[in-house]
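Q: Task: produce atomic coordinates for the following.
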Amino acid sequence: ARFERHLPDTVCDVGPGEGTYAKLFRPVHKGGWWTAVEVHKPNVAKYKLRSTKTRTMYDEIHVEDVRNSAEHMFHRDLVILGDVL
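A: Coordinates of the predicted model:
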């Protein structure tokens with residue numbers, strides 16, 4: 001409900017795993033730009049995290065440890081750290 005009220009234009013999902021948040025929220029607001037930071041490269045293909053013509057997931061994916069990510073990655077309307085320990 002809060003997501004629908006605010007409709008962030010830029011989102012950074014840290015540790016997207018299966019892409020749960022993109023699957024839940026992108027249908028609500030199709031115009032946003034979604035970035036994922038995933039430390040485990042095999043997850044990108046395994047969970048089909050890249051957007052395609054027929055599947056909307058993440059517009060941009062960085063395979064790296066978030067502790068080493070550039071600061072600009074977090075200048076987003078919404079930063080999600082769902083199940084990151």
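
Q: who's in contact with Val79?
A: 11-12, 14 (C-beta atoms under 8 Å, 6 or more residues apart in numbering). (Glycine included, C-beta is placed from N, CA and C.)

Q: Can you tell me which of these end up in strands?
A: 11-12, 14 (DSSP state E).

Q: Among the residues you listed, name the buried ones.
A: Buried members of the ones in strands among the contacts of Val79, counted by 16 or more other C-beta atoms under 10 Å: 11-12, 14.

Q: all strands of this protein, in order?
A: Counting by DSSP E, the strands of the chain are 10-14, 33-38, 60-63, 78-80.

Q: Against which helices or strands is the longest one packed?
A: Under the contact definition 3 or more C-beta pairs under 8 Å, 6 or more residues apart in numbering; DSSP states H and E, strand 33-38 sits against strand 10-14, strand 60-63.

Q: quick one: it to chain centroid distance?
A: With C-alpha atoms, centre = their mean, to the nearest Å as the basis, strand 33-38 stands 3 Å off its chain's centre.

Q: Note down every partner strand of it and its orientation.
A: strand 10-14 (parallel), strand 60-63 (parallel) (DSSP bridges).

Q: okay if I get those strands as CSV plus distance to Val37 and mean pLDDT?
A: Listed next are the strands paired with strand 33-38 as CSV, based on distance: least, C-beta to C-beta, whole Å; pLDDT from 0 to 100:
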stretch, distance to Val37, mean pLDDT
strand 10-14, 5, 97
strand 60-63, 5, 97
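
Q: That concludes my questions; thank you for your assistance.
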